[in-house]
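need a structure here:
(one chain, ligands or ions: 1)
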Amino acid sequence: MNAPTPRKPLTLHRLRELHAAGEKITMLTCYDASFAQLLDGAGVECLLVGDSLGMVVQGWSSTLPAKLEQMAYHTECVARGNRTAWVIGDLPFGSYQESVEQAIRSAAVLMQAGAHMVKLEGGGWTTTVVRALVERGIPVCAHLGLTPQSVNALGGYRIQGKGDEAAATLKQHSIELAQAGAAMLVLELIPSSVGADITRSVNIPVIGIGAGPDCSGQVLVLHDMLGVTGGKLPRFVRNFMQGSDGLADAARRYVAAVKDKSFPDPQLHGY
Ligand code: KIV
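So this is what the prediction gives:
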(Lines give C-alpha, C1' and ligand atoms only; values in the text may rest on other atoms or scores of the structure.)
Protein backbone atom coordinates (compact mmCIF):
# COMPACT_ATOMS: atom_id res chain seq x y z
CA MET A 1 0.00 0.00 0.00
CA ASN A 2 1.28 3.51 -0.85
CA ALA A 3 2.10 5.82 2.07
CA PRO A 4 -0.45 8.68 2.40
CA THR A 5 0.61 11.91 0.63
CA PRO A 6 2.05 14.30 3.23
CA ARG A 7 -0.23 17.22 4.02
CA LYS A 8 0.51 20.56 2.33
CA PRO A 9 1.00 23.52 4.71
CA LEU A 10 -2.33 24.98 5.84
CA THR A 11 -2.95 28.49 4.51
CA LEU A 12 -5.75 30.98 5.01
CA HIS A 13 -6.93 30.06 1.52
CA ARG A 14 -7.07 26.34 2.46
CA LEU A 15 -8.91 27.11 5.71
CA ARG A 16 -11.46 29.11 3.71
CA GLU A 17 -11.86 26.17 1.32
CA LEU A 18 -12.51 23.78 4.22
CA HIS A 19 -15.05 26.22 5.61
CA ALA A 20 -16.78 26.66 2.25
CA ALA A 21 -16.94 22.87 1.84
CA GLY A 22 -18.58 22.54 5.26
CA GLU A 23 -15.69 20.46 6.63
CA LYS A 24 -15.16 20.95 10.36
CA ILE A 25 -11.86 22.67 11.24
CA THR A 26 -9.69 21.29 14.05
CA MET A 27 -7.71 23.42 16.48
CA LEU A 28 -5.86 22.63 19.70
CA THR A 29 -3.73 24.81 21.92
CA CYS A 30 -0.01 24.07 21.78
CA TYR A 31 2.93 25.55 23.62
CA ASP A 32 6.10 23.68 22.64
CA ALA A 33 7.97 22.10 19.74
CA SER A 34 7.43 18.43 20.67
CA PHE A 35 3.66 18.79 20.88
CA ALA A 36 3.64 20.92 17.73
CA GLN A 37 5.30 18.05 15.86
CA LEU A 38 2.94 15.49 17.37
CA LEU A 39 -0.28 17.47 16.76
CA ASP A 40 0.75 18.48 13.24
CA GLY A 41 1.51 14.83 12.48
CA ALA A 42 -1.87 13.81 13.90
CA GLY A 43 -3.64 16.09 11.42
CA VAL A 44 -4.67 19.01 13.67
CA GLU A 45 -5.13 21.95 11.31
CA CYS A 46 -4.61 24.93 13.64
CA LEU A 47 -2.24 25.22 16.61
CA LEU A 48 -3.19 28.03 18.98
CA VAL A 49 -0.36 29.28 21.18
CA GLY A 50 -2.96 30.41 23.67
CA ASP A 51 -2.40 32.64 26.66
CA SER A 52 -3.99 29.72 28.54
CA LEU A 53 -0.31 28.84 28.92
CA GLY A 54 -0.40 31.27 31.83
CA MET A 55 -2.59 28.69 33.59
CA VAL A 56 -1.63 25.25 32.24
CA VAL A 57 2.12 25.85 31.80
CA GLN A 58 2.96 28.63 34.25
CA GLY A 59 0.47 27.69 36.98
CA TRP A 60 -1.29 31.05 37.42
CA SER A 61 -4.99 31.09 38.28
CA SER A 62 -5.87 33.20 35.21
CA THR A 63 -4.42 34.06 31.80
CA LEU A 64 -3.68 37.67 32.78
CA PRO A 65 -0.05 37.23 33.90
CA ALA A 66 1.11 35.80 30.52
CA LYS A 67 3.54 38.33 28.99
CA LEU A 68 4.12 39.20 25.33
CA GLU A 69 7.76 38.05 25.42
CA GLN A 70 6.66 34.71 26.92
CA MET A 71 4.00 34.30 24.23
CA ALA A 72 6.68 35.04 21.61
CA TYR A 73 9.02 32.45 23.16
CA HIS A 74 6.33 29.72 23.08
CA THR A 75 5.28 30.75 19.55
CA GLU A 76 8.90 30.26 18.43
CA CYS A 77 8.99 26.82 20.07
CA VAL A 78 5.75 25.78 18.33
CA ALA A 79 6.89 27.20 14.97
CA ARG A 80 10.11 25.17 15.18
CA GLY A 81 8.28 21.88 15.83
CA ASN A 82 5.48 22.50 13.36
CA ARG A 83 5.63 21.67 9.66
CA THR A 84 2.18 22.18 8.13
CA ALA A 85 -0.35 23.42 10.71
CA TRP A 86 -1.63 27.02 10.82
CA VAL A 87 -0.08 28.70 13.89
CA ILE A 88 -2.05 31.33 15.81
CA GLY A 89 -0.29 33.53 18.36
CA ASP A 90 -2.46 34.89 21.17
CA LEU A 91 -1.99 38.55 22.04
CA PRO A 92 -1.85 38.57 25.85
CA PHE A 93 -3.56 40.94 28.27
CA GLY A 94 -2.05 44.43 28.12
CA SER A 95 -0.40 43.99 24.72
CA TYR A 96 -3.12 45.54 22.50
CA GLN A 97 -5.63 47.40 24.72
CA GLU A 98 -3.70 50.68 24.88
CA SER A 99 -3.72 51.80 21.23
CA VAL A 100 -3.79 50.59 17.64
CA GLU A 101 -0.04 51.32 17.47
CA GLN A 102 0.62 49.11 20.50
CA ALA A 103 -1.46 46.31 18.94
CA ILE A 104 0.50 46.54 15.67
CA ARG A 105 3.83 46.40 17.54
CA SER A 106 2.72 43.42 19.66
CA ALA A 107 1.28 41.54 16.68
CA ALA A 108 4.57 42.07 14.82
CA VAL A 109 6.43 40.42 17.72
CA LEU A 110 4.26 37.27 17.46
CA MET A 111 4.40 37.21 13.65
CA GLN A 112 8.20 37.46 13.78
CA ALA A 113 8.20 34.60 16.28
CA GLY A 114 6.51 32.39 13.66
CA ALA A 115 2.75 32.96 14.03
CA HIS A 116 0.65 32.99 10.85
CA MET A 117 -2.18 34.87 12.55
CA VAL A 118 -2.80 36.66 15.86
CA LYS A 119 -5.80 36.33 18.15
CA LEU A 120 -7.30 39.02 20.35
CA GLU A 121 -10.25 39.14 22.73
CA GLY A 122 -13.29 41.39 22.83
CA GLY A 123 -15.86 43.12 20.64
CA GLY A 124 -16.82 46.71 19.87
CA TRP A 125 -13.57 48.66 20.42
CA THR A 126 -11.52 45.82 18.86
CA THR A 127 -12.97 46.35 15.36
CA THR A 128 -10.64 49.35 14.82
CA VAL A 129 -7.67 47.27 15.99
CA VAL A 130 -8.63 44.33 13.75
CA ARG A 131 -9.01 46.60 10.71
CA ALA A 132 -5.60 48.20 11.33
CA LEU A 133 -3.87 44.81 11.68
CA VAL A 134 -5.56 43.34 8.61
CA GLU A 135 -4.65 46.44 6.55
CA ARG A 136 -1.03 45.79 7.50
CA GLY A 137 -1.09 42.19 6.30
CA ILE A 138 -1.60 40.51 9.67
CA PRO A 139 -4.41 37.92 9.68
CA VAL A 140 -6.58 38.14 12.78
CA CYS A 141 -8.69 35.67 14.75
CA ALA A 142 -11.21 37.42 17.01
CA HIS A 143 -12.39 35.87 20.31
CA LEU A 144 -15.82 36.55 21.82
CA GLY A 145 -18.14 35.07 24.43
CA LEU A 146 -16.21 34.17 27.56
CA THR A 147 -13.05 36.21 27.08
CA PRO A 148 -10.73 35.01 29.87
CA GLN A 149 -8.65 38.20 29.92
CA SER A 150 -11.81 39.94 31.20
CA VAL A 151 -12.51 37.35 33.90
CA ASN A 152 -12.40 39.98 36.65
CA ALA A 153 -14.94 42.17 34.88
CA LEU A 154 -17.16 39.20 33.98
CA GLY A 155 -17.31 37.97 37.59
CA GLY A 156 -15.74 34.57 36.88
CA TYR A 157 -15.65 31.92 34.15
CA ARG A 158 -19.38 32.10 33.44
CA ILE A 159 -21.47 31.38 30.39
CA GLN A 160 -21.92 34.46 28.16
CA GLY A 161 -24.56 35.43 25.59
CA LYS A 162 -27.53 34.19 27.65
CA GLY A 163 -30.77 36.06 27.05
CA ASP A 164 -31.91 37.92 23.95
CA GLU A 165 -30.01 41.15 24.57
CA ALA A 166 -26.66 39.51 25.34
CA ALA A 167 -27.04 37.16 22.36
CA ALA A 168 -27.86 40.08 20.04
CA THR A 169 -24.78 42.03 21.23
CA LEU A 170 -22.57 38.99 20.67
CA LYS A 171 -23.96 38.55 17.17
CA GLN A 172 -23.54 42.25 16.37
CA HIS A 173 -19.90 42.21 17.55
CA SER A 174 -19.22 39.05 15.51
CA ILE A 175 -20.61 40.62 12.34
CA GLU A 176 -18.63 43.83 12.91
CA LEU A 177 -15.38 41.90 13.45
CA ALA A 178 -15.92 39.83 10.30
CA GLN A 179 -16.65 43.03 8.36
CA ALA A 180 -13.47 44.59 9.78
CA GLY A 181 -11.53 41.72 8.21
CA ALA A 182 -11.13 39.12 10.96
CA ALA A 183 -10.46 35.84 9.14
CA MET A 184 -11.55 33.58 11.99
CA LEU A 185 -13.62 33.84 15.16
CA VAL A 186 -13.34 31.85 18.39
CA LEU A 187 -16.55 31.67 20.43
CA GLU A 188 -16.15 30.49 24.03
CA LEU A 189 -18.77 29.26 26.49
CA ILE A 190 -22.05 30.44 25.02
CA PRO A 191 -25.39 28.70 24.40
CA SER A 192 -25.33 26.28 21.42
CA SER A 193 -28.19 28.15 19.76
CA VAL A 194 -26.19 31.41 19.84
CA GLY A 195 -23.10 29.62 18.48
CA ALA A 196 -25.19 28.20 15.63
CA ASP A 197 -26.84 31.54 14.84
CA ILE A 198 -23.51 33.45 14.73
CA THR A 199 -21.88 30.71 12.60
CA ARG A 200 -24.71 31.11 10.07
CA SER A 201 -24.46 34.92 10.17
CA VAL A 202 -20.76 35.44 9.37
CA ASN A 203 -18.83 34.23 6.34
CA ILE A 204 -15.66 33.29 8.25
CA PRO A 205 -14.86 30.05 10.13
CA VAL A 206 -16.21 30.11 13.68
CA ILE A 207 -14.27 27.86 16.04
CA GLY A 208 -16.16 26.92 19.18
CA ILE A 209 -15.04 25.97 22.67
CA GLY A 210 -18.16 25.27 24.68
CA ALA A 211 -20.21 26.92 21.92
CA GLY A 212 -22.11 23.85 20.70
CA PRO A 213 -21.78 21.45 17.76
CA ASP A 214 -22.83 23.81 14.96
CA CYS A 215 -19.70 25.98 14.79
CA SER A 216 -17.39 25.59 11.77
CA GLY A 217 -14.77 23.89 13.94
CA GLN A 218 -13.68 23.17 17.49
CA VAL A 219 -10.81 24.04 19.80
CA LEU A 220 -9.82 22.62 23.18
CA VAL A 221 -7.02 23.38 25.60
CA LEU A 222 -4.46 20.60 25.05
CA HIS A 223 -4.02 19.81 28.75
CA ASP A 224 -7.81 19.48 29.17
CA MET A 225 -8.26 17.02 26.28
CA LEU A 226 -5.29 14.95 27.46
CA GLY A 227 -6.66 14.74 31.01
CA VAL A 228 -3.66 16.59 32.47
CA THR A 229 -5.63 19.48 34.00
CA GLY A 230 -6.64 18.77 37.59
CA GLY A 231 -9.87 19.82 39.26
CA LYS A 232 -13.33 20.21 37.81
CA LEU A 233 -13.42 20.67 34.05
CA PRO A 234 -16.27 22.26 32.09
CA ARG A 235 -18.93 19.83 30.83
CA PHE A 236 -18.02 20.28 27.17
CA VAL A 237 -14.42 18.98 27.62
CA ARG A 238 -13.72 15.37 26.62
CA ASN A 239 -10.63 13.47 27.80
CA PHE A 240 -9.35 11.91 24.57
CA MET A 241 -6.64 9.96 26.43
CA GLN A 242 -9.35 7.65 27.77
CA GLY A 243 -9.26 4.57 25.57
CA SER A 244 -6.35 5.92 23.51
CA ASP A 245 -3.09 4.23 22.74
CA GLY A 246 -0.90 7.22 23.64
CA LEU A 247 -0.72 10.95 22.92
CA ALA A 248 -0.67 10.82 19.11
CA ASP A 249 -3.62 8.44 19.11
CA ALA A 250 -5.58 10.81 21.41
CA ALA A 251 -4.87 13.72 19.04
CA ARG A 252 -5.89 11.65 16.00
CA ARG A 253 -9.11 10.64 17.79
CA TYR A 254 -9.84 14.31 18.53
CA VAL A 255 -9.40 15.19 14.85
CA ALA A 256 -11.61 12.29 13.79
CA ALA A 257 -14.32 13.16 16.34
CA VAL A 258 -14.46 16.82 15.26
CA LYS A 259 -14.47 15.86 11.58
CA ASP A 260 -17.26 13.26 11.96
CA LYS A 261 -19.17 15.59 14.34
CA SER A 262 -19.19 13.13 17.25
CA PHE A 263 -17.45 15.86 19.29
CA PRO A 264 -18.80 17.98 20.87
CA ASP A 265 -21.64 15.93 22.25
CA PRO A 266 -24.75 18.19 22.18
CA GLN A 267 -26.17 16.36 25.21
CA LEU A 268 -23.09 17.14 27.28
CA HIS A 269 -22.93 20.73 26.08
CA GLY A 270 -26.22 21.60 27.71
CA TYR A 271 -25.99 25.42 27.72
O1 KIV B 1 -5.77 30.86 25.36
C2 KIV B 1 -6.44 29.92 24.93
O3 KIV B 1 -6.12 28.75 25.08
C4 KIV B 1 -7.69 30.24 24.23
C5 KIV B 1 -8.62 29.11 23.93
C6 KIV B 1 -9.37 28.75 25.16
C7 KIV B 1 -9.53 29.41 22.80
O8 KIV B 1 -7.95 31.37 23.96
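
which ones are touching Thr199?
Counting by CB atoms under 8 Å, 6 or more residues apart in numbering, Thr199 touches Val206, Gly208, Asp214, Cys215, Ser216. Just so you know, the C-beta spots here come from the backbone N, C-alpha and C atoms, and that holds for glycine as well.

excluding its backbone neighbours, what's nearest the last one?
Going back to what we said before, that points to Ser216. Distances taken as CB to CB, 6 or more residues apart in numbering put Pro205 closest to Ser216, at 4.1 Å, once the chain neighbours are dropped.

The one you found - how many residues pack around it?
For Pro205, the neighbour count with other CB atoms under 10 Å is 25.

What of the one 5 residues further on?
Other residues within reach of Gly210, judged by other CB under 10 Å, total 26.

repeat for His74
By other CB under 10 Å, 24 other residues sit near His74.

try Val194
25.

Double-check it against Leu170; I have them as touching.
Yes - counting by CB atoms under 8 Å, Val194 does reach Leu170; the two are 6.2 Å apart.

The one helix or strand Ile104 maps to packs against which elements?
Here Ile104 sits within helix 100-112, counting by DSSP states H and E. Secondary-structure packing of helix 100-112 (3 or more CB pairs under 8 Å, 6 or more residues apart in numbering; DSSP states H and E): helix 68-81, strand 86-90, strand 117-121, helix 126-135.

pLDDT on it, on average?
Taken as a whole, helix 100-112 carries a mean pLDDT of 98.

Repeat that for stretch 62-72.
Per-residue scores along stretch 62-72 average to 98.

Can you get me the start-to-end distance on it?
Start-to-end span of stretch 62-72 (CA to CA, to the nearest Å) is 19 Å.

And that stretch, how far out from the chain middle?
16 Å (CA atoms, centre = their mean, to the nearest Å).

and the helix or strand hosting His223, what other elements does it pack with?
Applying DSSP H and E as the criterion places His223 in helix 222-225. Applying 3+ CB pairs under 8 Å, 6+ apart, we find helix 222-225 packed against strand 25-29.

what residues does the stretch 51-200 of the chain put near the ligand?
By CB under 6 Å from any ligand atom, the residues of the stretch 51-200 of the chain that approach the ligand are Asp51, Ser52, Thr63, Asp90, His143, Val186, Glu188.

can you put those in JSON lines and add neighbour count?
Compiled in JSON lines, these are given as follows (neighbours: other CB atoms under 10 Å):
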{"residue": "Asp51", "neighbour count": "29"}
{"residue": "Ser52", "neighbour count": "22"}
{"residue": "Thr63", "neighbour count": "22"}
{"residue": "Asp90", "neighbour count": "29"}
{"residue": "His143", "neighbour count": "28"}
{"residue": "Val186", "neighbour count": "26"}
{"residue": "Glu188", "neighbour count": "23"}
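
Just checking, which helix or strand of the chain averages the lowest pLDDT?
Within the chain, confidence by mean pLDDT, DSSP states H and E is lowest for helix 266-269 among all helices and strands, at a mean of 67.

re earlier: what angle do the helix holding Ile104 and helix 126-135 make?
Helix 100-112 runs at 50 degrees relative to helix 126-135, counting by axes from the mean of the first three to the mean of the last three CA atoms, to 10 degrees.

Give me the contacts around helix 100-112.
Residues from elsewhere that reach helix 100-112, judged by CB under 8 Å, 6+ apart: 49, 68-69, 71-72, 75, 89-91, 95-96, 118, 120, 128-129, 132-133, 136, 138.

Ok, stretch 169-184 next?
Identification of contacts with stretch 169-184 by CB under 8 Å, 6+ apart yields 12, 15-16, 88, 117, 123-124, 126-128, 130-131, 134-135, 139-142, 144-145, 160-161, 185, 187, 190, 194, 197-198, 201-207.

I am finished for the moment; much appreciated.
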